[in-house]
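Novice: sequence unknown, structure follows:
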């Protein structure tokens, strides 16, 4: 039950979760990305089309200006690489947090405490920030504000993570004083209050324009499904891997106790 044992299993779970996320993103999300790109290209100005035609007549293309990654590579190898890299990194982080939490949440077993960590992680890192700043497809958003929008998203994400950690610590302390039910309810309520206030304080982004609402909805639905796949597969696998590790350690300890008693 060392940190290394947790980390190795977390990396493996993250790797497998990355492959699962790639499959879901490719099958569920990429069709809507292609639709958004087609709408973006269809909405290009006449001036842009004329400029492209002029460049074609002179033998000059945008590919020569540095566009070296094709859409095929983006939606296959690029998407796979990104999904696996994020999955492995996330798996390692969640595993180390699970190692630090193990045995510290009252009578929860290792399986249960790991499941709690994964669930809180999904809510604080993926779900709540998504509700405030949902993903947007190509052709949506002003390129001049991308820096500000990115900063606002990560700022809200940081608030969500810190609030989740503090609310969890508060719940664990209250469980010993007022019981499990009341402690958990107070912890959840504290997190919700903080995030509702933060949601009101952080600026709202409204740069959709005349983008079709149905395409935007399908894209965002695919995005949250992809996020849920990453966290769901990671959580289930990590709970299984660490639970099996705990069972092995328990069995080894019992055999040693039996051998010592003979």
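Specialist: Alright, I've got the coordinates. Model, not experiment: these values are computed from the prediction. Numbers count the residues shown, from 1 in each chain.

Novice: doesn't residue 6 make contact with residue 95?
Specialist: Yes: Residue 95 sits in contact with residue 6 when judged by Cβ atoms under 8 Å, with a separation of 4.6 Å. In short, each C-beta sits where N, CA and C put it, glycine included.

Novice: Quickly list what's touching both of these two.
Specialist: The contact sets of residue 95 and residue 6 overlap at residue 242 (Cβ atoms under 8 Å, 6 or more residues apart in numbering).

Novice: Between the two, which has more neighbouring residues?
Specialist: residue 95 (28 against 25; other Cβ atoms under 10 Å).

Novice: wait, what's in contact with the closest residue to the more buried one other than its chain neighbours?
Specialist: Nearest non-adjacent residue to residue 95, counting by Cβ to Cβ, 6 or more residues apart in numbering: residue 10, 2.3 Å away. Residue 10 makes contact with 91, 92, 93, 94, 95, 96, 98, 238, according to Cβ under 8 Å, 6+ apart.

Novice: List just the nearest of those to residue 205.
Specialist: residue 93 (27.2 Å; Cβ to Cβ).

Novice: ok, that closest one - contacts?
Specialist: Contacts of residue 93 (Cβ under 8 Å, 6+ apart): residue 10.

Novice: Pull out the buried residues from the helix or strand hosting it.
Specialist: Assigned by DSSP states H and E, residue 93 belongs to helix 79-101. Neighbour counts over helix 79-101 (16 or more other Cβ atoms under 10 Å) mark 79-80, 83-84, 87-88, 90-92, 94-95, 97-99, 101 as buried.

Novice: again with stretch 224-232
Specialist: Across stretch 224-232, burial judged by 16+ other Cβ under 10 Å covers 226, 227, 229, 230, 231, 232.

Novice: got the residue ranges for the strands in the chain?
Specialist: Defined through DSSP state E, the strands belonging to the chain form an empty list.

Novice: what about it, any weak spots by pLDDT?
Specialist: 1, 43-68, 106, 141, 252-253, 257-258, 261-262 (pLDDT under 70).

Novice: tell me the angle the helix ranked longest in it makes with helix 79-101.
Specialist: Longest helix of the chain, by residue count under DSSP state H: helix 213-261. Helix 213-261 runs at 40 degrees relative to helix 79-101, counting by axes from the mean of the first three to the mean of the last three Cα atoms, to 10 degrees.

Novice: quick one: helix 213-261 to chain centroid distance?
Specialist: Distance, stretch centre to chain centre, for helix 213-261: 15 Å (Cα atoms, centre = their mean, to the nearest Å).

Novice: Could you do stretch 163-181 as well?
Specialist: 24 Å.

Novice: ok, residue 118 touching residue 238?
Specialist: Yes: counting by Cβ under 8 Å, residue 238 is a contact partner of residue 118 at 6.5 Å.

Novice: can you give me the helices for the stretch 1-150 of the chain?
Specialist: Applying DSSP state H, counting those that start in this stretch to the stretch 1-150 of the chain gives helices spanning 3-24, 30-42, 46-57, 71-73, 79-101, 110-121, 128-132, 146-178.

Novice: which strands and helices sit next to the fourth one?
Specialist: Helices and strands touching helix 71-73, as assessed by 3 or more Cβ pairs under 8 Å, 6 or more residues apart in numbering; DSSP states H and E, are absent.

Novice: Equivalent analysis for the longest one, please.
Specialist: If contacts are counted by 3+ Cβ pairs under 8 Å, 6+ apart, helix 146-178 sits against helix 128-132, helix 180-201.

Novice: between these, which one is nearest to residue 211?
Specialist: helix 128-132 (18.2 Å).

Novice: list the helices and strands the closest one packs on?
Specialist: Under the contact rule (3+ Cβ pairs under 8 Å, 6+ apart), helix 128-132 is packed against helix 146-178, helix 180-201, helix 213-261.

Novice: want to try CSV for those helices, with distance to residue 113 as columns?
Specialist: Below are the helices and strands packed on helix 128-132 laid out as CSV (distance: least, Cβ to Cβ, whole Å):
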stretch, distance to residue 113
helix 146-178, 11
helix 180-201, 14
helix 213-261, 9
